[in-house]
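Asker: make a model of this:
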Amino acid sequence: MNLIIYEKHPNQQIAFQHFLLGLKTSQMHYLASDLLKFGLSPFDIPLAIKRAMIVCRTAGKEMTDHFYAVYTFQDGEQMKDCKLSSFGYALVMLNADIRSKKVAKWQVEVINRAFGTK
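Answerer: Next comes the predicted model:
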């Protein structure tokens, strides 16, 4: 008879945390680079993300639930990007450059929906 001895792997907890992180980020359906379509510049987006992260931290929200740094390709070039939850995306849009007409329209639409105004 063969006896198989299973030993606790020292990295099981790390592996489980990676699994949870993968699960969490799979629920983040937005990329910060998507904001380029709103007319924001690659220089404006990091500032909006930074402000949104400050709001998130100040409100006591878990940052990793809403923001996750990744690398993506844009026009054939690798760039630093950020996966965003719906909440994270909304915070970034609320802190984006208001000179963008698309950002301003989005903000007004959110307020109209929130307060039932037009």
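Asker: in this structure, what helix or strand scores lowest on average pLDDT?
Answerer: helix 12-26 (a mean of 77; mean pLDDT, DSSP states H and E).
Asker: distance check, residue 13 against residue 62.
Answerer: Using Cβ to Cβ, to the nearest Å, residue 13 is found at 19 Å from residue 62. Placement of C-beta: from N, CA and C, glycine included.
Asker: can I assume residue 112 sits in a strand?
Answerer: No: looking at residue 112 with DSSP: H, G, I helix; E, B strand; the rest coil, it is helix, so not inside a strand.
Asker: which stretches of the protein have low pLDDT?
Answerer: When residues are selected by pLDDT under 70, those of the chain lie in 1-10.
Asker: tell me the bridge partners for the residue most central in space within it.
Answerer: With distances taken as Cα atoms, centre = their mean, residue 84 lies nearest the centre of the chain, 1.7 Å away. Beta bridges link residue 84 to residue 30, residue 67 when assigned by DSSP bridges.
Asker: my read is that it contacts residue 65, right?
Answerer: No: in this structure, residue 84 is not within contact of residue 65 by Cβ atoms under 8 Å, at 10.6 Å.
Asker: now do the buried residues in stretch 49-62.
Answerer: 49, 52, 53, 56, 61 (16 or more other Cβ atoms under 10 Å).
Asker: revised request: answer the last question for stretch 85-95.
Answerer: In stretch 85-95, counting by 16+ other Cβ under 10 Å, buried: 85, 87, 88, 89, 90, 91, 92, 93, 94, 95.
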